[in-house]
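>>> Output the structure for:
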Amino acid sequence: MALPDTHEPSLPTTRKLEFSAAEIGALAHLYRGEVYRSTVWRTRLDSSTNWAVVTTGIALSATYSSAEASPLPMVLVGLLVSVFLLFEARRYRYFNVWRARARLLETDFYAPMIRGEGVRLGSGWTELLAKDYCYPRYHISYGRAIGRRLRRTYAWIFVIQAIAYYGKLAIHPSPLTTFTDIWERAAIGPIPGHLVVVAGMLFHASWAVFALITLRVEISSRRERRSLIAMG
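Take a look at the predicted model:
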């Protein structure tokens, strides 16, 4: 007597190469969702930038309100802007997740469709996107996020803060006549003026070096990725 066949049905050995109409519609809704989430986080980035700009403006008003006003607000605002930069870098890491997904759909799903090439499943981007949904993670490090926001936005705020501070020392309470006078004007309580000036120069120089280092890391990372550049 023949035994019943207990073997499970074999799985297909080939994978389909194209999306169905229903799957394309689902991807379109997915893209809309990712764009919406990236827009929300983009708004949160703008809010922290606005805080940095407003506090810098308040410090400028306080510092230049009179010739006798202290330059200390311009020193303190540099520290406050640094805190805003760290907050914004953290938010940028979240924003970059949704932005990267939306960008990947644009470059590898919609662009081939618009060019009339059709949408293929075996081009690598589908596996990358699926893995990103199954195992979500940040696409860039915290240091790279700080570097990006620093180069694109906060570097200009720091430049304005530095020019305003040293400009205050140069013109108030009277135009600078000898270079040694700057030490007296820069003194903060018991802290000698030359230490304050040197600390300020080191503060801005360190941010400039950090921006250049993270830029080199960005360039190296892009060379390694080559393709699927959106995910990073």
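
>>> count of neighbours near L121?
Residues near L121, counting by other Cβ atoms under 10 Å, number 14. No exception for glycine: its C-beta is placed from N, CA and C like everyone else's.

>>> Could you point out which residue ranges in this protein have low pLDDT?
Within the chain, the ranges that satisfy pLDDT under 70 run 1-17, 120, 122-123, 225-232.

>>> any idea how far the longest helix anywhere in it is from the chain center?
For the chain, the helix with the greatest residue count under DSSP state H is helix 21-63. Mean C-alpha position of helix 21-63 versus that of the full chain (Cα atoms, centre = their mean, to the nearest Å) differs by 11 Å.

>>> Now the element after it, going C-ward?
Counting by DSSP states H and E, the next helix or strand C-terminal to helix 21-63 is helix 72-105.

>>> who does that following helix touch, helix- and strand-wise?
Here helix 72-105 touches helix 21-63, helix 125-134, helix 142-149, helix 155-171, helix 193-225, going by 3 or more Cβ pairs under 8 Å, 6 or more residues apart in numbering; DSSP states H and E.

>>> What sits closest to H172 if chain neighbours are left out?
With Cβ to Cβ, 6 or more residues apart in numbering as the criterion, H172 has its nearest non-adjacent residue at 4.6 Å, and that residue is A67.

>>> okay, now the one you found: neighbour count?
The tally of other residues near A67 (other Cβ under 10 Å) stands at 10.

>>> Now the phi/psi pair for it, please.
Taking degrees, to the nearest 10, you get phi -70, psi -30 for the backbone angles of A67.

>>> can you pull the contacts of it?
Going by Cβ atoms under 8 Å, 6 or more residues apart in numbering, A67 touches H172, P173, S174.

>>> any idea how far F95 is from S38?
S38 is 6 Å from F95, where distance means Cβ to Cβ, to the nearest Å.

>>> likewise Y165?
Applying Cβ to Cβ, the value for Y165 to F95 is 31 Å.

>>> So which of the two has more stuff around it?
In terms of neighbours (other Cβ under 10 Å), Y165 is the more surrounded of Y165 and F95; the figures are 25 against 20.

>>> In this structure the more buried one contacts P73, no?
No: using Cβ atoms under 8 Å, Y165 is not in contact with P73; the gap is 9.3 Å.
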